[in-house]
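J.: sequence? don't have it. structure:
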């Protein structure tokens, strides 16, 4: 998609950044990704909006596209929906990171008795970011079986991208309240709230203001697609600007219903300035993952 590559390159060059750091991209075993794509193909009846996958390509082509876009670091966000799945996913993602040096080694977990052991193994193997998906996993982040996991990740300082907002469809354990209880027990936990916590934007901004280790990623937020489902409150733009050092670029590539550059355009039209954009699209992620 040369038009997209040109548009992203122009964006990077105008800001003067060496590349993008995208903390929310998806790579996973083929048969798992096929099921994820099947879900998005059928999600229209749930949201009332069709969700076509823009980058439905083979793995090698998807990696090549991110490199063409100038993404210098990305992730392999993957997540289990049942027990005895996370360790296998972690094995796959460790191999993927080993053969894809610009991918930040990503891991995951599920509330089960073996979780502390395989999370420790992933951390010791060099995992740099974890993914938790409360909506798909259908679990309470305060499940006792995860307490040692959260403590371990807080101690190690390894960030966790967590889908905890109620968008696009609420689930039993989504929303700010379970996360507030979790942070009360683990206040140093380096959570990255996926999708800016949509649609509970203000509540998750509150949590970020109260907890210095909490960050938010921009995944799908502010785009035309998401604004139709429930927009970011204009009155919160000031707080978004003030938290500019803890907002990270995320896109949900390849599972997005629009071209990659639209996420960047959506951030730019917020009008928060080039310094804010440089931090969000590169500087914050580069600092968090020590890329420089």
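T.: In hand now; what should we look at? Note that the structure is predicted; figures quoted are calculated from it, not measured.
J.: quick one: average pLDDT of stretch 99-108?
T.: What stretch 99-108 shows for mean pLDDT is 98.
J.: what's the first-to-last distance across that stretch?
T.: This stretch, stretch 99-108, spans 19 Å end to end (C-alpha to C-alpha, to the nearest Å).
J.: now that stretch: buried residues?
T.: Residues of stretch 99-108 classed as buried: 100, 103-108 (neighbour count, 16 or more other C-beta atoms under 10 Å). Any C-beta I mention is one placed from the backbone N, CA and C, and that applies to glycine too.
J.: among these, name the ones in strands.
T.: Per DSSP state E, strands hold the following members of the buried residues of stretch 99-108: 103-104, 106-108.
J.: for residue 89, state which of the residues you listed is nearest.
T.: Nearest to residue 89 among these is residue 108, at 5.6 Å by C-beta to C-beta.
J.: state the distance from that closest one to residue 199.
T.: 24 Å (C-beta to C-beta, to the nearest Å).
J.: so which strand or helix has residue 259?
T.: Counting by DSSP states H and E, no helix or strand carries residue 259.
J.: where's the nearest residue to it once chain neighbours are set aside, which helix or strand?
T.: Nearest residue to residue 259 in three dimensions, chain neighbours excluded: residue 4, at 5.0 Å (C-beta to C-beta, 6 or more residues apart in numbering). Residue 4 belongs to helix 2-15 when assigned by DSSP H and E.
J.: need the contact partners of the very next helix or strand once past that helix.
T.: Next helix or strand after helix 2-15 toward the C-terminus (DSSP H and E): strand 20-21. For strand 20-21, the surrounding residues in contact (C-beta atoms under 8 Å, 6 or more residues apart in numbering) are 8, 12, 69-74, 248-249, 281-282, 284-286, 289, 291.
J.: now list the buried members of those.
T.: Using 16+ other C-beta under 10 Å as the burial test, the contacts of strand 20-21 include 8, 12, 69-74, 248-249, 281-282, 284-286, 289, 291 as buried.
J.: go through these and flag which are in strands.
T.: Among the buried ones among the contacts of strand 20-21, the ones falling in strands (DSSP E) are 71-74, 248.
J.: end to end on stretch 22-33, go ahead and measure it.
T.: One end of stretch 22-33 sits 19 Å from the other (C-alpha to C-alpha).
J.: what is the mean pLDDT for it?
T.: 98.
J.: buried sites along that stretch?
T.: Buried, per 16+ other C-beta under 10 Å, within stretch 22-33: 22-29, 32-33.
J.: next, count neighbours for residue 82.
T.: Neighbour count for residue 82, taken as other C-beta atoms under 10 Å: 10.
J.: repeat that for the one 3 residues further on.
T.: Residues within reach of residue 85, counting by other C-beta under 10 Å, total 17.
J.: residue 111 is in contact with that one, correct?
T.: No - when contacts are counted by C-beta atoms under 8 Å, residue 85 is not listed as touching residue 111 (12.0 Å).
J.: ok, the nearest residue to residue 67 once chain neighbours are set aside - contacts?
T.: Nearest non-adjacent residue to residue 67, counting by C-beta to C-beta, 6+ apart: residue 102, 7.0 Å away. Counting by C-beta under 8 Å, 6+ apart, residue 102 touches 66-67, 71-74.
J.: pLDDT and distance to residue 56 added to those, as a markdown table?
T.: Formatted as a markdown table, the contacts of residue 102 follow (pLDDT from 0 to 100; distance: C-beta to C-beta, whole Å):
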| residue | pLDDT | distance to residue 56 |
| --- | --- | --- |
| 66 | 98 | 15 |
| 67 | 98 | 18 |
| 71 | 98 | 18 |
| 72 | 98 | 24 |
| 73 | 98 | 23 |
| 74 | 98 | 18 |
